Structures are given as structure tokens and as C-alpha cells.
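Novice: got a predicted structure here, sequence first:
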Amino acid sequence: MHIIFDWDGTLAKREVAEEASVRRGNSIGVVMDKAWMREAQKTHAHYKVNKAAIQKYTGIKDEKLKTIMMTNLFQLHYLSVVNEWKEKIFFEGIKDLLKALKEKGSKLSIASTIRKDIIKPSLQLLDVEKYFDSVHGNNASLDYTKNDLVEMAVKKNGKASYMVGDREEDMIGGKSVGAKTIFVSWGQGDLNDKSLTDFIVNSAEELVNILKNER
């Protein structure tokens with residue numbers, strides 16, 4: 001069984017990215033309220049604010065270069081939050097779930113639009129990289145879509161049984177490769193089209209029960 005997980009808001013608490021984003025803003029002179037940030041991350045509205053601040057600070061107008069600068073700052077602050085919070089970045093029960101699935105012989109992969117060189121060091125810092133067969137994340141200029149990354153995971157590890165995520169784009173990505181989809185309600189997004197998902201879970205315990213009992 002191959003299970004593809006989203007990262008931010010699914011395995012890792014959304015508060016990690018929120019805190020990193022607020023710190024990034026502070027580092028370039030933009031004060032961002034956490035409540036505003038929580039809403040902005042649903043649509044990535046904070047990108048525009050960050051890029052405007054970077055352009056003002058550096059004079060750079062090239063959009064791709066501004067994106068790289070923006071995500072470089074996010075990488076720095078995200079890893080600092082992981083280093084400070086340690087295992088508190090995970091939802092309760094997630095580490096036990098990953099261990100149980102791996103012991104069962106499942107293939108586990110991550111497909112996330114967050115940069116790969118943010119996720120992999122996070123996994124290494126927390127000693128959980130060993131549970132994943134592959135990690136598929138974005139590059140510095142955020143060129144890959146969720147569908148691109150899901151397809152990479154399938155190409156690497158074979159047909160996906162499940163896609164687990166907290167946004168509609170995760171559900172769409174899962175359906176695009178014929179996987180059953182599990183929407184976790186505790187993350188970043190809202191599920192407007194319930195036909196995209198096979199399961200909706202409201203706690204890590206429910207997710208554990210679905211995946212651990214799969215034959």
C-alpha cells in the first residue's frame with residue numbers, strides 16, 4: 001500500500017508555517033498578525049505582501065527572483081521553528097501512525113508544494129525521515145503544482161492507495177492518480193466540493209483508524 005501525505009496542515013501543524021511566515025515578515029519590515037496570516041495562507045495572499053516588501057528592500061522586480069528570495073527566508077524561519085518546537089510540530093498520534101504504517105510494510109511519501117529542502121531537513125531534525133520512501137516538494141521558485149508532485153510520488157513508488165491532505169488541491173491531486181482521498185479538517189483549507197474526497201476526518205485518531213485498519 002502506497003500512501004501519499006501532504007505536509008503542512010496534514011502531518012505538521014499549520015501553526016509552524018504561520019509562525020515562520022510571521023517571522024519572515026518581521027525580517028523584512030512587515031508586521032503580520034497571526035489571525036490575518038491564518039486566512040492569507042489559505043489562498044497564499046501573503047505572497048503578494050512579501051514580494052512587495054522584498055522589491056522595496058532590494059529593488060528587484062523580477063518575479064521569479066522575488067519568489068526565490070521569499071522562499072529562502074521562509075526556509076530559514078521554518079527550520080528555526082522546527083528546531084525550537086521539536087516534536088510539538090506534529091499533530092497528536094502522527095508519529096505513531098507513521099511508525100505503524102511503516103512496520104506494516106506500507107510505502108509512504110510526501111507531496112507538498114512547500115520546498116523540498118525545507119521538508120527533508122525537518123524530517124531529519126526530528127528523526128522521522130526513515131519512515132518515508134520519498135519526499136516530493138517544490139523548488140525555490142515554486143514551479144511545481146500539487147498534481148506534478150503527486151505524479152512524481154506515484155512514478156517513484158507505484159500506484160497510490162490513498163492521498164491524505166487538508167486542501168482541495170490535495171484531493172484533486174489524489175483523484176488524478178486514482179487514489180482514495182482523505183481530507184483532514186484540522187489543516188489550512190476548506191472543502192467546498194465533498195465529491196472530491198472518500199473520507200473526511202476530524203482528528204488524527206480517525207485518520208489512524210482508517211489507515212491502520214486498511215488491508
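Specialist: Received it, and whenever you're ready, just let me know what you need. Numbers count the residues shown, from 1 in each chain.

Novice: now do residue 13 against residue 63, distance only.
Specialist: Taking Cβ to Cβ, to the nearest Å as the measure, residue 13 and residue 63 are separated by 30 Å. Where C-beta positions appear, they are placed from N, C-alpha and C, glycine not excepted.

Novice: swap that for residue 35, sorry
Specialist: 28 Å.

Novice: circling back to that earlier point, out of residue 13 and residue 63, which sits in the busier spot?
Specialist: With neighbours defined as other Cβ atoms under 10 Å, residue 13 and residue 63 compare such that residue 13 has more, 20 against 11.

Novice: was I right to think the more buried one contacts residue 89?
Specialist: Yes. In terms of Cβ atoms under 8 Å, residue 13 counts as a neighbour of residue 89; the distance is 5.8 Å.

Novice: in what helix or strand does residue 114 lie?
Specialist: Per DSSP states H and E, residue 114 falls inside strand 107-115.

Novice: how far off centre is that strand?
Specialist: If you compare the mean C-alpha spot of strand 107-115 with that of the full chain, they lie 7 Å apart, counting by Cα atoms, centre = their mean, to the nearest Å.

Novice: alpha carbons of it, as CSV, please.
Specialist: Output for strand 107-115, consisting of C-alpha atoms alone and laid out as CSV, is shown next (Å, rounded to 0.1, in the frame of the first residue of the first chain):
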residue,chain,number,x,y,z
LYS,A,107,5.2,2.8,1.2
LEU,A,108,4.9,6.4,2.5
SER,A,109,5.7,9.5,0.5
ILE,A,110,5.1,13.2,0.9
ALA,A,111,3.9,15.5,-1.9
SER,A,112,3.9,19.1,-0.8
THR,A,113,4.1,22.5,-2.5
ILE,A,114,6.4,23.6,0.3
ARG,A,115,10.1,23.4,-0.8
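
Novice: helices and strands around the helix or strand following that strand, which ones?
Specialist: Tracing the chain C-terminally past strand 107-115 and defining elements by DSSP H and E, one meets helix 116-125 next. If you count contacts as 3 or more Cβ pairs under 8 Å, 6 or more residues apart in numbering; DSSP states H and E, helix 116-125 packs onto helix 63-85, strand 134-138.

Novice: list the buried residues for helix 116-125?
Specialist: Along helix 116-125, the positions that meet the burial threshold by neighbour count (16 or more other Cβ atoms under 10 Å) are 116, 117, 118, 119, 121, 122, 123.

Novice: check stretch 193-210 too.
Specialist: Counting neighbours by 16+ other Cβ under 10 Å, one finds that the buried residues in stretch 193-210 are 196, 197, 198, 201, 204, 206, 207, 208.

Novice: what's the answer for stretch 88-96, then?
Specialist: Along stretch 88-96, the positions that meet the burial threshold by neighbour count (16+ other Cβ under 10 Å) are 89, 90, 91, 94, 95.

Novice: can you pull out the helices in the chain?
Specialist: Taking DSSP state H as the test, the helices found in the chain are 14-27, 34-43, 46-58, 63-85, 94-103, 116-125, 146-157, 168-176, 204-212.

Novice: of all those helices, which one comes closest to residue 133?
Specialist: Distances from residue 133 to each of the helices of the chain were compared using Cβ to Cβ; the minimum, 5.3 Å, belongs to helix 146-157.

Novice: now the angle from the closest one to strand 107-115?
Specialist: Going by axes from the mean of the first three to the mean of the last three Cα atoms, to 10 degrees, helix 146-157 is angled at 150 degrees with respect to strand 107-115.
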